[in-house]
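Undergrad: Make a model of this:
(2 chains)
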Amino acid sequence: GAGVSQSPSNKVTEKGKDVELRCDPISGHTALYWYRQSLGQGLEFLIYFQGNSAPDKSGLPSDRFSAERTGGSVSTLTIQRTQQEDSAVYLCASRQGTSGANTGELFFGEGSRLTVL
Amino acid sequence: KNQVEQSPQSLIILEGKNCTLQCNYTVSPFSNLRWYKQDTGRGPVSLTIMTFSENTKSNGRYTATLDADTKQSSLHITASQLSDSASYICVVSAKGAGTASKLTFGTGTRLQVTL
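TA: Residues are numbered from 1 along each chain as shown, chains lettered A, B, ... in the order given. Modelled structure (predicted):
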């Protein structure tokens, strides 16, 4: 597709349920990021994938959060046993590879708004 | 610790007026600084990138400046329009191996342009 696509755009779930959020990056982009944005807050880094390298999971807030990227393209962020504090917008971004200068622009999706009741 | 601080936190201006948003950072070693615009309910979109050697860069009515010595950047918006209402986020990248994931985001300045 022309841009980063995320689904669902909105998800309402009950506390304790598992949710899966999907990100389809721009074709050819090898770097993929997941961020969380709570209401009125800045972006919080969750996880980073680069090609076939081991992902940087240092931002995941707990072991209830996990993500995978199959075939170097589509990524899924899974939140198990959701809690009310997980309510936020989850943003995915992709970038065309990486370099020591890290000058590449991040292209963001529209986000998935998660509400945990 | 790498940090990015933005000011003001929020700003209301009249249509047609100019404004300047500030970004101070402590990221080291510095690679580049980007300003992103985030419309409500949308993902951020890059406005401009500043590298170490660049002092000023314009993108239409947006002009970014960078002072690498004082580690400050500003985003100046000229002749504001209602469509400029958004959050403006300053993002600083470090240089070196293993830093691709270590982008440092500011919390943004929320700008509202009114009639």
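Undergrad: Test for you: state the pLDDT assigned to the closest residue to chain A within chain B.
TA: Relative to chain A, the nearest point of chain B is residue B:43 (3.0 Å; Cβ to the nearest Cβ). Every C-beta, even on glycine, is put in place using the N, C-alpha and C of the backbone. Residue B:43 is assigned 94 on the pLDDT scale.
Undergrad: what about the helices in chain B?
TA: With DSSP state H as the criterion, chain B has no helices.
Undergrad: Show me what from chain A comes close to chain B.
TA: Residues of chain A that fall close to chain B, judged by Cβ under 8 Å from any Cβ of the partner chain: A:4, A:31, A:33, A:41-43, A:45, A:48, A:50, A:56, A:58, A:91, A:93, A:98, A:100-103, A:105-106, A:108-111.
Undergrad: Sort out for me which of those are in strands.
TA: Taking DSSP state E as the definition of strands, the residues of chain A next to chain B contribute A:31, A:33, A:43, A:45, A:48, A:50, A:91, A:93, A:108.
Undergrad: and the last one, how many neighbours?
TA: Same thing as residue A:108. 23 (other Cβ atoms under 10 Å in any protein chain shown).
Undergrad: If it is in a bridge, with which residues?
TA: Here residue A:108 sits in beta bridges with residue A:93, going by DSSP bridges.
Undergrad: I'd say it and residue B:46 touch.
TA: No - the pair residue A:108 / residue B:46 is not scored as a contact, 9.1 Å apart, by Cβ atoms under 8 Å.
Undergrad: Grab the nearest non-local neighbour of residue B:90.
TA: Spatial nearest neighbour of residue B:90, chain neighbours left out: residue B:23 (3.5 Å); criterion: Cβ to Cβ, 6 or more residues apart in numbering or on different chains.
Undergrad: Correction: the previous question concerned residue A:65.
TA: Per Cβ to Cβ, 6+ apart, closest to residue A:65 is residue A:79, 5.7 Å.
Undergrad: Can you say which of the residues of chain A next to chain B are buried?
TA: Among the residues of chain A next to chain B, the ones that count as buried by 16 or more other Cβ atoms under 10 Å in any protein chain shown are A:4, A:31, A:33, A:42-43, A:45, A:48, A:50, A:56, A:91, A:93, A:98, A:102, A:106, A:108-111.
Undergrad: quick one: the residue nearest to residue B:90 and residue B:15, what's the gap?
TA: For residue B:23, the distance to residue B:15 (Cβ to Cβ, to the nearest Å) stands at 24 Å.
Undergrad: So for the two, which sits in the more crowded spot?
TA: A count of neighbours by other Cβ under 10 Å puts residue B:23 above the other of residue B:23 and residue B:15, at 27 against 14.
Undergrad: picking that back up, now the ones in strands among the residues of chain A next to chain B in JSON lines, with pLDDT and distance to residue B:108?
TA: Listed next are those as JSON lines, based on pLDDT from 0 to 100; distance: Cβ to Cβ, whole Å:
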{"residue": "A:31", "pLDDT": "91", "distance to residue B:108": "22"}
{"residue": "A:33", "pLDDT": "94", "distance to residue B:108": "17"}
{"residue": "A:43", "pLDDT": "91", "distance to residue B:108": "9"}
{"residue": "A:45", "pLDDT": "92", "distance to residue B:108": "15"}
{"residue": "A:48", "pLDDT": "93", "distance to residue B:108": "21"}
{"residue": "A:50", "pLDDT": "89", "distance to residue B:108": "26"}
{"residue": "A:91", "pLDDT": "97", "distance to residue B:108": "13"}
{"residue": "A:93", "pLDDT": "95", "distance to residue B:108": "16"}
{"residue": "A:108", "pLDDT": "96", "distance to residue B:108": "14"}
